[in-house]
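> My questions are about this predicted structure, shown below with the sequence.
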Amino acid sequence: MNKSNSRRKRKKENIESKYYNFKSNINGLKEFAKSLSSVVSKKDEDNIKIISRQMDSIFKKGQARHSKKRNKNEINLILTSSEFKKLIQLIESQPIGDSSHSAILFKSSFVILVSYFDYLIADIIRHYHKSFPDSLNSKDITLSLTDLKICKTINDATEMLVNKKVENLLYRSLDDQLEYFTNYLKINMNEIEIKWENIHEIKEKRNIIVHNNGIVNNKYISNIRRHKLITNEDLKEGTKIDITSDFFFNSLEEIFIGGTILMQSCWRKWHKKQVEQQDADLNTVMIDALANEEWKIAEMLGRYAMNCEVSDERMKMVNFVNYVQALKWQGREDEVEEQLQSWDISSLDPVFTMAYYVLKSDKQQFYNILPSIVKSKGIKKDEFFDWPLFREFRKITTFRNRINNLYK
């Protein structure tokens, strides 16, 4: 190792890029599965129709040769050897269960999904130890003489130690990984509002698919019961676990929510001076979820955001509006009303007063305050047509014209 090179300035770790990679992976997988879902479903249906027609043809030929029946519930067929062979081939080629295109799509996508969560865990741990190298415990991981010969600088040795630590943790259970976050990374996982029981179920299903072809065994049953997980499948040894379309997309939401909250919690704990960027990134994710009508994601991230220490009071109100929107667009008006009762609109910025009226669906008060909002340039014209907040009002036929007239 070259001692002089070890003093070279370490490249600054950027935790934001780790989350960007995670988000890109999840969104890419979601679009991939959605775009192929209808294609593979149609392919399965077409295959079944083709096979059914061919089987019908064989049955008709067999019946034509010998149509005599012993009773009304029995059909006698006479098939040639080639017809019989063809019938067996058709039966065996039917895309049922795990062999259907849909099953293959969602099972393989599910395995990839959990891998993306594992990558995130690895990236977060790797970021922490690279950013705070003194946190490495030499008692846990050591380097051999061969390892040291490979390293040219202290930084190289540090990176090798970090990678070995991460590799070791990835082969351990989710419980062990969460314990590591609490004990070594100083992130109290019990205080983070993530539905870990759902993540546990997802991980256990991935493990049984990868290691036992989805066939339930005693270890799977034991792990499910140990975590007190509620599952829909019959927990009997030897039964097969299927990954349906609904379960896959629900799992994708859980992984995305959990990964986002975990990343934000670590970022806020370790880099407190970057709070404005943290707030901006979280707000962007919530707005995207609202725009895409992903209400569960918007609700859970909104609830998390309202409990964060944010950069200023305005951001606190933005988080509040986003959270209440997620409730409103799910039709949960009683909860919306309960949340809005805590607002003192007399002390609000006019933009948030307007948001209050929108969330209450009070069109009269909205149009009353609208001219002053436009005059003060509190909201740009395009934002009335883009923001999820105004999705209900945009259904009004006169809405666009009234906005356009105010901005002339």
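Perfect, thanks for sending it.

> Let me see the contact set for D279.
For D279, the contacting residues are 308, 310-311, 315, by C-beta atoms under 8 Å, 6 or more residues apart in numbering. The C-beta positions use only the backbone N, C-alpha and C, and glycine is treated the same way.

> Just the buried residues of the residues you listed.
308, 310, 315 (16 or more other C-beta atoms under 10 Å).

> Low-confidence ranges, the stretch 201-350 of the chain, go.
Within the stretch 201-350 of the chain, the segments meeting pLDDT under 70 span 230-234.

> And the helices in it?
Assigned by DSSP state H, counting those that start in this stretch, the helices in the stretch 201-350 of the chain fall at 218-226, 245-270, 275-291, 295-306, 313-328, 333-340, 350-359.

> Return the set of buried residues in the longest one.
Judged by neighbour count using 16+ other C-beta under 10 Å, the buried positions of helix 245-270 are 245, 247-249, 251-268, 270.

> tell me which residues of the host helix or strand of N155 are tucked away?
When elements are assigned from DSSP states H and E, N155 belongs to helix 154-170. By 16+ other C-beta under 10 Å, the buried positions in helix 154-170 come out as 154-162, 165-166, 169.

> ok, of those residues, which one's closest to L36?
Nearest to L36 out of the buried residues of helix 154-170 is V166 (C-beta to C-beta; 32.0 Å).

> and the closest one, what does it touch?
Counted by C-beta under 8 Å, 6+ apart, V166 has contacts 122, 125-126.

> Residues in contact with stretch 237-257: which ones?
23, 26, 29-30, 33, 37, 97-98, 102-103, 106-107, 109-110, 113-114, 116-117, 194-195, 198-199, 202, 205, 208-209, 214-218, 221, 233, 294, 296-297, 300-301.

> now do stretch 197-213
Stretch 197-213 has contacts (C-beta under 8 Å, 6+ apart) with 107, 110-111, 113-114, 117, 174, 214-217, 220, 223-224, 227-229, 231, 241, 243, 251, 254-255, 258.

> ok, now with 7 Å
107, 110-111, 114, 174, 214, 216, 220, 223-224, 227, 229, 231, 241, 251, 254-255, 258 (C-beta atoms under 7 Å, 6 or more residues apart in numbering).

> Now which of those residues would you call buried?
If we count by 16+ other C-beta under 10 Å, the contacts of stretch 197-213 have these buried: 107, 110, 114, 174, 214, 216, 220, 223-224, 227, 241, 251, 254-255, 258.

> Quick check: the two most widely separated of those?
Once C-beta to C-beta is applied, these give V216 and G258 as the farthest pair, at 24.5 Å.

> Out of the contacts of V166, list just those in helices.
122, 125-126 (DSSP state H).

> buried ones in stretch 201-215?
Using 16+ other C-beta under 10 Å as the test for burial, stretch 201-215 gives 201-209, 214.

> just the CA coordinates of that stretch, formatted as CSV?
In CSV, the C-alpha atoms belonging to stretch 201-215 read as follows (Å, rounded to 0.1, in the frame of the first residue of the first chain):
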residue,chain,number,x,y,z
GLU,A,201,-43.7,-11.8,4.2
ILE,A,202,-42.4,-10.6,0.9
LYS,A,203,-38.9,-11.7,1.7
GLU,A,204,-40.0,-15.1,3.0
LYS,A,205,-41.9,-15.7,-0.2
ARG,A,206,-38.9,-14.7,-2.3
ASN,A,207,-36.8,-17.1,-0.3
ILE,A,208,-39.1,-20.1,-0.8
ILE,A,209,-39.5,-19.4,-4.5
VAL,A,210,-35.7,-19.1,-5.1
HIS,A,211,-34.6,-21.9,-2.8
ASN,A,212,-37.5,-24.4,-3.0
ASN,A,213,-39.4,-23.6,-6.2
GLY,A,214,-42.2,-22.0,-4.2
ILE,A,215,-43.1,-25.2,-2.4
